[in-house]
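Colleague: heads up, no residue letters with this:
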């Protein structure tokens with residue numbers, strides 16, 4: 001076990017960096033989802049853009065259901081696990097990244113969940129988090 005302390009985090013980071021540089025850990029096996037390059041989308045032609053957009057078209061499978069489900073996960077590192085489970089079922093999911101901010105709770109309540117509640121759907125949030133015993 002590694003203690004949740006800054007010096008332990010720093011030591012682990014140095015160890016992982018050294019292992020990557022030595023070729024012992026594949027660069028693609030550890031993902032940093034917090035630092036992303038953002039840019040405008042580009043296509044070679046309008047036809048290419050239309051084809052890309054057509055691939056993204058999907059009807060909301062939950063719109064006419066009695067229940068509406070979202071999955072919230074505490075750790076951003078596990079989002080890749082949710083991709084595999086949630087995307088085929090069209091279940092929305094999001095990472096709280098340690099805790100859910102007030103602005104995200106407001107967005108969830110006012111912009112998403114209220115709409116489903118007013119449509120008569122039963123709301124379900126599946127929250128996946130560690131439940132370490134402290135005492």
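Modeller: Yep, that arrived. This one's a predicted model, so the numbers in the text were calculated from it and none came from an experiment. Numbers count the residues shown, from 1 in each chain.
Colleague: when you work out contacts or count neighbours from here on, use the C-alpha atoms and nothing else.
Modeller: Will do.
Colleague: state which helix of the chain is the longest.
Modeller: helix 6-21 (DSSP state H).
Colleague: and it, which residues are buried?
Modeller: Buried residues in helix 6-21, counted by 16 or more other CA atoms under 10 Å: residue 20.
Colleague: what's that helix in contact with?
Modeller: 2, 25-27 (CA atoms under 8 Å, 6 or more residues apart in numbering).
Colleague: let me know the closest of those to residue 127.
Modeller: Residue 127 lies nearest to residue 2 out of those, by CA to CA, at 24.9 Å.
Colleague: not counting sequence-adjacent ones, nearest residue to that closest one?
Modeller: residue 8 (6.7 Å; CA to CA, 6 or more residues apart in numbering).
Colleague: could I get the pLDDT score of that neighbour?
Modeller: pLDDT, residue 8: 90.
Colleague: for residue 132, same thing?
Modeller: At residue 132, the model reports a pLDDT of 63.
Colleague: also the one 3 residues further on?
Modeller: Note for residue 135: predicted pLDDT of 55.
Colleague: please enumerate the helices of the protein.
Modeller: Using DSSP H, helices in the chain cover 6-21, 46-56, 79-86, 102-106, 114-118.
Colleague: sorry, back to before: and the contacts of helix 6-21, which is closest to residue 44?
Modeller: The closest of these to residue 44 turns out to be residue 27 (CA to CA; 30.3 Å).
Colleague: nearest residue to that closest one other than its sequence neighbours?
Modeller: The nearest residue in space to residue 27 (CA to CA, 6+ apart) is residue 20, at 6.4 Å.
Colleague: now do residue 126
Modeller: Going by CA to CA, 6+ apart, residue 126 has residue 71 as its nearest residue, at 4.7 Å.
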